[in-house]
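Asker: structure for the following, please:
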Amino acid sequence: MGKLGLGCVVLVVIIAIVIGISMMGTYNRLVGLGQGVDTQWAQVENVYQRRADLIPNLVATVRGAADFERSTLEAVVQARASVGRANISPGAAPTDPEAMARFEAAQGSLGAALQRLLVVVERYPDLKANANFQQLQAQLEGTENRITVERMRYNEVAQAYNTARLRFPTNLFAAMFGFKEKAYFKATTPGAERAPDVNFDFGRPAPATTP
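Answerer: This next block holds a predicted model:
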């Protein structure tokens, strides 16, 4: 083999090494970003599960009130059941936008049912004064706020991962390595990106508004 042929072989080897190192770096970076998304998804699931875990005690406490609206309680119980059926496989952030949409719709229905229940509670002074109910209210309020925070953080890390996945030359290897786009939480109604107004101080007058 002449010097020219040997030089070509060396060049090919060097190029292969550079490509291999680049692919390894790309793979490792996507793994790290993907793990960050999955970890944050676990946080989202935790806070949603926390809300679901509060509901049985909340329903049991409200059910003890005389003549409480049965349909309102049934709506909460049914909405909680629908959340269980819409759960996404734990351990990894969803890559199917339709699965994410079903999950979000079920969680939104549960939130709406809880809001209706709390509105009805306003008509039951004895129930509002119940210490156990007040404690559950406070826990629910904190959980709703936490849900909003964790959803926002999830979208941020999912965006970082998806952006890195689409950039050149990473996009050349992402499909080869099996890295799929992560689904986002989306606001389905105006104001849905904010935490629900879980205000339990029914006895306090509403703040005055300026014209």
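Asker: per-residue confidence for the closest residue to residue 127 other than its chain neighbours?
Answerer: Spatial nearest neighbour of residue 127, excluding adjacent residues (C-beta to C-beta, 6 or more residues apart in numbering): residue 65 at 4.4 Å. Yep, even glycine has a C-beta here, placed from its N, CA and C like the rest. Model confidence at residue 65, expressed as pLDDT, equals 77.
Asker: please work out how many residues are found near residue 65.
Answerer: Using other C-beta atoms under 10 Å, the number of residues around residue 65 comes to 18.
Asker: need the longest helix for the protein.
Answerer: Using DSSP state H, we find that the single longest helix of the chain is helix 3-63.
Asker: next SSE downstream of that helix?
Answerer: helix 70-86 (DSSP states H and E).
Asker: what does that next one contact?
Answerer: Identification of contacts with helix 70-86 by C-beta atoms under 8 Å, 6 or more residues apart in numbering yields 48, 52, 55, 58-59, 62-63, 102-103, 105-107, 109-110, 112-114, 116-117, 120.
Asker: do that again at 10 Å, thanks
Answerer: For helix 70-86, contacts defined as C-beta atoms under 10 Å, 6 or more residues apart in numbering pick out 48-49, 51-53, 55-56, 58-60, 62-63, 65, 69, 99-114, 116-121.
Asker: show me which of these are buried.
Answerer: The neighbour-count test (16 or more other C-beta atoms under 10 Å) marks 48, 51-52, 55, 58-59, 62, 65, 69, 100-104, 106-111, 113-114, 116-118, 120-121 as buried among the contacts of helix 70-86.
Asker: where does the protein dip in pLDDT?
Answerer: For the chain, residues meeting the criterion pLDDT under 70 lie at 1-7, 9-10, 20, 66, 187-211.
Asker: at 80 instead, please
Answerer: Under the criterion pLDDT under 80, the flagged ranges of the chain are 1-25, 64-68, 87, 89-91, 187-211.
Asker: so the nearest residue to residue 165 once chain neighbours are set aside, which state does it fall into?
Answerer: Nearest residue to residue 165 in three dimensions, chain neighbours excluded: residue 174, at 4.7 Å (C-beta to C-beta, 6+ apart). With DSSP: H, G, I helix; E, B strand; the rest coil as the basis, residue 174 sits in helix.
Asker: my read: residue 174 touches residue 163, true?
Answerer: No. Judged on C-beta atoms under 10 Å, residue 174 makes no contact with residue 163 at a distance of 11.5 Å.
Asker: if anything else comes up later, I'll come back, but that's it for now.
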